[in-house]
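S.K.: Whatever this is, show me its structure:
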Amino acid sequence: MSANHPLPPHANGVTLTLEELLQYRTQSVRWLPPAQSIWSQMSGNHTSRQKGRGMDFMEVRQYQAGDDIRSIDWRVTA
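M.R.: Predicted structure coming up:
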């Protein structure tokens with residue numbers, strides 16, 4: 001940089017060309033774990049805004065004595 005364009009306060013004077021930046025970007029991506037493994041590691045480690053037993057459809061079965069009536073999906077079983 002010149003006197004007309006001083007370095008920003010956080011700059012350390014190191015400059016790279018666009019090609020060099022792109023090369024470092026592709027190299028750094030190789031070191032990252034696959035996104036799927038990141039999400040599987042986070043599974044179950046966060047809270048949800050929604051309350052209840054979950055949103056995934058698993059199965060429909062007949063009502064059995066002792067079942068919590070709050071867990072009956074009336075639209076499916078009607």
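
S.K.: Identify the single longest helix in the chain, thanks.
M.R.: helix 18-31 (DSSP state H).

S.K.: what packs against it?
M.R.: Helices and strands in packing contact with helix 18-31 are not found; criterion 3 or more CB pairs under 8 Å, 6 or more residues apart in numbering; DSSP states H and E. For glycine as for every other residue, the C-beta is placed from the backbone atoms N, C-alpha and C.

S.K.: Just the buried residues of it, please?
M.R.: For helix 18-31, a neighbour-count test (16 or more other CB atoms under 10 Å) marks nothing as buried.

S.K.: gap between G66 and V76?
M.R.: Distance, G66 to V76, by CB to CB, to the nearest Å: 20 Å.

S.K.: and what of L16?
M.R.: L16 sits 58 Å away from V76, going by CB to CB.

S.K.: continuing past the least confident helix or strand in the chain by mean pLDDT, what's the next helix or strand?
M.R.: The least trusted helix or strand in the chain, going by mean pLDDT, DSSP states H and E, turns out to be helix 35-42, with a mean of 63. Elements were assigned by DSSP states H and E; along the chain past helix 35-42, the next helix or strand is helix 74-77.

S.K.: before we move on, back to that, who has more neighbours, G66 and V76?
M.R.: Neighbours were tallied for G66 and for V76 using other CB atoms under 10 Å; the higher tally belongs to V76 (8 against 5).

S.K.: quick one, what contacts that one?
M.R.: When contacts are counted by CB atoms under 8 Å, 6 or more residues apart in numbering, V76 touches V60.

S.K.: Distance check, it against T17.
M.R.: Counting by CB to CB, the gap from V76 to T17 is 60 Å.

S.K.: again, but for I72
M.R.: In terms of CB to CB, I72 sits 64 Å off from T17.

S.K.: of the two, who's got more company?
M.R.: Neighbours per residue, other CB under 10 Å: of I72 and T17, the larger number sits with I72, 13 against 8.

S.K.: Look up phi and psi at that one.
M.R.: Dihedral pair for I72: phi -80, psi 130, per degrees, to the nearest 10.
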